[in-house]
Structure formats: structure tokens, C-alpha cells
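Asks: turn this into a model:
(4 chains)
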There are 4 protein chains.
Amino acid sequence: MFFVINPKPDIMWKEENNQLIRQFEFGDFISAFSFMTRVAFAAEKMNHHPEWTNVYNKVEIRLSSHDAGNKVTDKDRQLARKIDELL
Amino acid sequence: MFFVINPKPDIMWKEENNQLIRQFEFGDFISAFSFMTRVAFAAEKMNHHPEWTNVYNKVEIRLSSHDAGNKVTDKDRQLARKIDELL
Amino acid sequence: MFFVINPKPDIMWKEENNQLIRQFEFGDFISAFSFMTRVAFAAEKMNHHPEWTNVYNKVEIRLSSHDAGNKVTDKDRQLARKIDELL
Amino acid sequence: MFFVINPKPDIMWKEENNQLIRQFEFGDFISAFSFMTRVAFAAEKMNHHPEWTNVYNKVEIRLSSHDAGNKVTDKDRQLARKIDELL
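Replies: Below you'll find the model as predicted:
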């Protein structure tokens, strides 16, 4: 199944240290990595790539715009919305 | 979204020419290919690989056991069930 | 390793039935599927998708332009070149 | 192309804070992510998963055995060797 186990309303995207950050938790590694594959396609199409970390069923995505001096820009918010649509 | 648009009850797995065959239709190419990625992991883990064809949002999977003389075996039914669970 | 075992000069892209067709053979399923992942990104970026079939370490890619009446067009030749660059 | 631009002999795997760590740099995001896909298959087959971070063309992989108290074990060294073979 392709679901997020724990997207509690209070742990959606947060802005911290000039990054948009969200943590995702899946049922297993394959679900987590398949989600990453979908995000990878979306990111490549926008030519805007996340900094992200995965360990087993957990994925943390951090978005900021390097070419804008490492600030959160509209492009980051747009990718964040896109990612949310993939869930 | 990760859904199958058209899994009509009457077009589930069918057995034909010594193959288990099922067609899948997704919302777009990325959804179809992400599904294939999940199936690829499942197949590799079972060390039992499908013959499959993709065009845009459509995937056709054909299962048979080459080492058993190209017949449908329990291994094929097992992989078919596994694939259905991924949807 | 990410190599094509058997890209004999005489089995490169051929044009047949209004399709550009090429067969690829890899060392194993994972190599074949990883290649497909790269092609998938290229195809999605061009918004031009192949019809392709995989079984274990073999991949056959068939290119034609559906919106041009199922003929081989420049877009197909462009994607074919792109795919060759990925090898 | 599927190559590592910068695998300098002096920046191979190092052991640090009870983790085996290696950084990889590729030509672009797609090359980096395709490499990750291959590693994902290898990890899933061994049922031993990395902690890893990607940003654009860079991948950092950190290996340790959580079930052995977050120490570097033979399983980590085995996965590290496997990953090196994929390059």
C-alpha cells in the first residue's frame, strides 16, 4: 500500500532555518523509496531539487532555494504542494 | 495520486497462453512507472521476474515460470497476489 | 556494473512498422530496471514516452509518435539519441 | 553517463561516530538518483538499509547496524562493498 502512516496535522511542513521541512513515515522501505521516486520525477521536472534524508521507512525533505541565497521561495512552496499531492 | 483508474472486476488476472495476464491503467506515466518500481522490488525479492510492457499510463504484466517450461505455477500466482497488494 | 552486454553494431535502432526499435541486454534485472528508470526520467522530461517491454535482463524500446499518426518523427529520433547517451 | 566524477582514493568509506560513511558525486540529479535506485535494490535484498542524504548530484551514505546497538558490523561492510561494485 502507498500510504503515509503518520501525517499528523501538526507535523506538516514547517519553516525552520530558512528551509521548508517535512517528515514522512511509510509502512516500509519500499513504500518510502517509491514515494521518493515520485518526488524525484516532480523535482526533475521543476528543475528544483530537495535536500532529503531517508532511513528505512522515514523520509525527511528539506526545501530551500540555493540560487536565491538559501531562502524559502515560491518555488519551494510549489514543490512542497506538489509533494503533498503525491501522497 | 497512486491509483488504478480502471481495475474493473472483469479485467483482473486472466490465464491465457500459459501466462497470467493483467492490464493496469494509471493517471499518468509517473504513476505507472512508480507502480512498476514497486513491482520491480517485489519481483527481485522473489527472484521471479515479470514480462511486462508499458506505454504511457498503461502497464501489462505477464507472468509465467520459464524454468518450469513456461507454465503458470504457484510462484506466478504468488507474485500476482503481491502485485495486487501494491495497488 | 551499468553496461550493455550486447550492443552489437548491427542491432542498434532499426525502423520497422513505423517504429524505431532497439533491444538492450544487461547483466541482470536490476541493471535493466535502473536503465529503465533513467530512460523514464528522460522520456518524462521530453513528454514523449516509449512503448517498452522488459523481461529479466532484456529491454526492448519502441518509439513512435502517436499524435502524428503513429509515424517515426524527429521527436522519436531525439529520444533514441538521448537513450543511447544514457548507456 | 553513469559515473562518479569524484571518487578520489582519499575519500572512500571512512569510519566515524560508529558509522561507515562515503560521499558520492555524480554528473547530475538523474545519475545520482539512478545510483540510489540501484543501492535501494541491494539494500532491500540484504534487508539492511542505509541512512542517506541526497542533494542534487551528491549522495552521502551512512551505514551502521541499529539492531547491534548502532555499531559498524560486517553487514555494513558487506553493503559498502556491494555499493562500490555498483559504481
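
Asks: does the helix or strand hosting residue A:33 reach chain B?
Replies: Following DSSP states H and E, one finds residue A:33 within helix A:29-46. Yes. Counting by Cβ under 8 Å from any Cβ of the partner chain, chain B is contacted by helix A:29-46 at A:30, A:31, A:33, A:34, A:37, A:38, A:41, A:42. To be clear about C-beta, it is placed using only N, CA and C from the backbone, and glycine gets the same treatment.

Asks: out of those residues, which are close to chain D?
Replies: A:30, A:33, A:37.

Asks: could you report the neighbour count for the second one?
Replies: Close neighbours of residue A:33, defined as other Cβ atoms under 10 Å in any protein chain shown, add up to 26.

Asks: now swap in residue A:71 and tell me
Replies: By other Cβ under 10 Å, 12 other residues sit near residue A:71.

Asks: residue contacts, it?
Replies: Residue A:71 makes contact with A:18, A:64, A:65 under the criterion Cβ atoms under 8 Å, 6 or more residues apart in numbering or on different chains.

Asks: closest one of the ones next to chain D among the residues of helix A:29-46 next to chain B to chain C?
Replies: Chain C has its nearest neighbour among those in residue A:37, at 7.7 Å by Cβ to the nearest Cβ.

Asks: was I right about the closest one contacting residue D:34?
Replies: No. Using Cβ atoms under 8 Å, residue A:37 is not in contact with residue D:34; the gap is 10.4 Å.

Asks: still on that earlier bit, now the contacts of residue A:71 as JSON lines including neighbour count, pLDDT and distance to residue D:47?
Replies: Shown next, in JSON lines, are those (neighbours: other Cβ atoms under 10 Å in any protein chain shown; pLDDT from 0 to 100; distance: Cβ to Cβ, whole Å):
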{"residue": "A:18", "neighbour count": "14", "pLDDT": "95", "distance to residue D:47": "37"}
{"residue": "A:64", "neighbour count": "20", "pLDDT": "97", "distance to residue D:47": "34"}
{"residue": "A:65", "neighbour count": "17", "pLDDT": "93", "distance to residue D:47": "38"}
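
Asks: turn those into JSON lines, columns for distance to residue D:85 and secondary structure.
Replies: Shown next, in JSON lines, are those (distance: Cβ to Cβ, whole Å; DSSP: H, G, I helix; E, B strand; the rest coil):
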{"residue": "A:18", "distance to residue D:85": "38", "secondary structure": "coil"}
{"residue": "A:64", "distance to residue D:85": "34", "secondary structure": "coil"}
{"residue": "A:65", "distance to residue D:85": "36", "secondary structure": "strand"}
